[in-house]
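J.: Sequence and predicted structure are below.
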Amino acid sequence: MLLQARDPLFSGFNSAQEICSVIPTDYHAPVLKSCTVINHYLQNHASISELPESVTELVQLVFQRIEDELIHTFRKETGILFPCIHQQHVQSAHLQPKVIETMISVHQVLIALFRKLRELMNHYIAKPDWSKEFKDCIHEMFLLETYVFRWIQFEQSVLYPQLIRIIKTGKE
C-alpha cells in the first residue's frame, strides 16, 4: 500500500490551506499508526533474539528518536504551521523563510535516522528462520520509512513551493 487511490500526489491543489488539511489525515495518520505497531513490538521484545544485543539496543534507540522527531514535528505542523497558514489566508499574517528551512532540516535529520535504522535492520531483509512477529515488525519499519519519505516528498514538492510563493508575494 505505497500509494492510495486518492493519493494527493496525483491531485491538484488550489491553495496551501487545502494542502494543510490533507497532510494530517493522508500523511501523518499512517506514519503514527506504523509507529504504534513498531513501538508495541519493541516494548514487548526488549531483547530481539534474531539480532545481537548491541544491535537490538541501537534499533530501539534509533526508532525511539525517529518516533520522537516525528511526533514533535507533526505537533509543530498541526499546532503552529498549519494554523499560521490558515491565518495568513484570513489576516495577511506573514510566514518567515526560516520556517521552511527548519522543516527541511528536520526532514534531513529523519532521512539520516532512517538510513541508520535501515543499516541496522539489514536493509529490511528478513531471514527465513526469523519469527513471524519479527518479520512483521521489519515489514512495518519498511512501511514507516516509505510513509515518511512520501510525506517529506509531498511537503517539499507541493507544500513548500506554495509557501515560498506566499512568502515572496504575501498572497497565494
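T.: Alright, I've got the coordinates.

J.: who's in contact with residue 136?
T.: Residues near residue 136 by CB atoms under 8 Å, 6 or more residues apart in numbering: residue 41. (Glycine included, C-beta is placed from N, CA and C.)

J.: Give me the distance between it and residue 159.
T.: Residue 136 sits 32 Å away from residue 159, going by CB to CB, to the nearest Å.

J.: Return the residues in contact with the residue nearest to the spatial centre of the chain.
T.: In the chain, the residue lying closest to the centroid (CA atoms, centre = their mean) is residue 148, at 3.2 Å. Residues in contact with residue 148 (CB under 8 Å, 6+ apart) are 31, 66, 70, 110, 114.

J.: got the contact list for the helix or strand hosting the second one?
T.: Just to be clear, that refers to residue 66. Here residue 66 sits within helix 53-76, counting by DSSP states H and E. Here helix 53-76 makes contact (CB under 8 Å, 6+ apart) with 24, 28, 31-32, 35, 38-39, 42, 46-48, 51, 103, 106, 109-110, 113-114, 116-117, 120-121, 141, 144, 148.

J.: tell me which helix or strand of the chain sits lowest on mean pLDDT?
T.: Least confident helix or strand of the chain, by mean pLDDT, DSSP states H and E, is helix 82-91 with a mean of 74.

J.: Check the secondary structure at the residue of the chain positioned farthest from its centre for me.
T.: Distance from the centre of the chain peaks at residue 129, with 30.7 Å (CA atoms, centre = their mean). Counting by DSSP: H, G, I helix; E, B strand; the rest coil, the backbone at residue 129 sits in coil.

J.: Against residue 126, how distant is residue 103?
T.: 33 Å.
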